[in-house]
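S.K.: quick one, fold the following:
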Amino acid sequence: MPYSFTIKATHPSLKGHFPGNPVVPGVVILDEIINIVKLAKPDFIVEGIPVVKFTQPLLPEQQVTVELEEKSATNISFNCTYSATKFVTGQLTLKSQL
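M.R.: Modelled structure (predicted):
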């Protein structure tokens, strides 16, 4: 199931992240991905991000589609795209909260 998010132009991190030409910081993107994983796997917490690769910048107001692929119960890979452009891929390791 694909998920999506959009970072608004009014997000507080954008003021200092290249003033006049804002780019969404990677940590903001990763926070959104982690929140999606929490929704998809509510019995788990994110323990680590062993792999992440940003290949394109994300601008404010671009709608992002996130696809998750469960590699195992504690390993999820993700791909993020906007306008058919893949801009970040990676993996998360999870830990059961139970």
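S.K.: ranges for the strands of this protein?
M.R.: Remark: strands assigned in the chain by DSSP state E are 3-6, 44-54, 63-72, 75-82, 85-96.
S.K.: okay, those strands, which one's buried deepest?
M.R.: Per-stretch averages of neighbours, counted by mean count of other C-beta atoms under 10 Å, single out strand 75-82 among the strands of the chain, with a mean of 19. (Glycine included, C-beta is placed from N, CA and C.)
S.K.: which other helices and strands contact that one?
M.R.: Here strand 75-82 is seen to pack against helix 26-40, strand 63-72, strand 85-96 when contacts are counted using 3 or more C-beta pairs under 8 Å, 6 or more residues apart in numbering; DSSP states H and E.
S.K.: how about these in a markdown table, adding distance to Pro57?
M.R.: Written out in a markdown table, the entries for the helices and strands packed on strand 75-82 read as follows (distance: least, C-beta to C-beta, whole Å):
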| stretch | distance to Pro57 |
| --- | --- |
| helix 26-40 | 10 |
| strand 63-72 | 12 |
| strand 85-96 | 7 |
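S.K.: could you dump those into TSV with mean pLDDT and distance to Ser13 added?
M.R.: Putting these into TSV (pLDDT from 0 to 100; distance: least, C-beta to C-beta, whole Å) gives the following:
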stretch	mean pLDDT	distance to Ser13
helix 26-40	96	5
strand 63-72	97	15
strand 85-96	97	16
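S.K.: contacting residues around Ser96?
M.R.: Neighbouring residues of Ser96 by C-beta atoms under 8 Å, 6 or more residues apart in numbering: Asp43, Phe44, Ala73, Thr74.
S.K.: now the first one: how far from Leu98?
M.R.: Which is Asp43. With distances taken as C-beta to C-beta, to the nearest Å, Asp43 is found 6 Å from Leu98.
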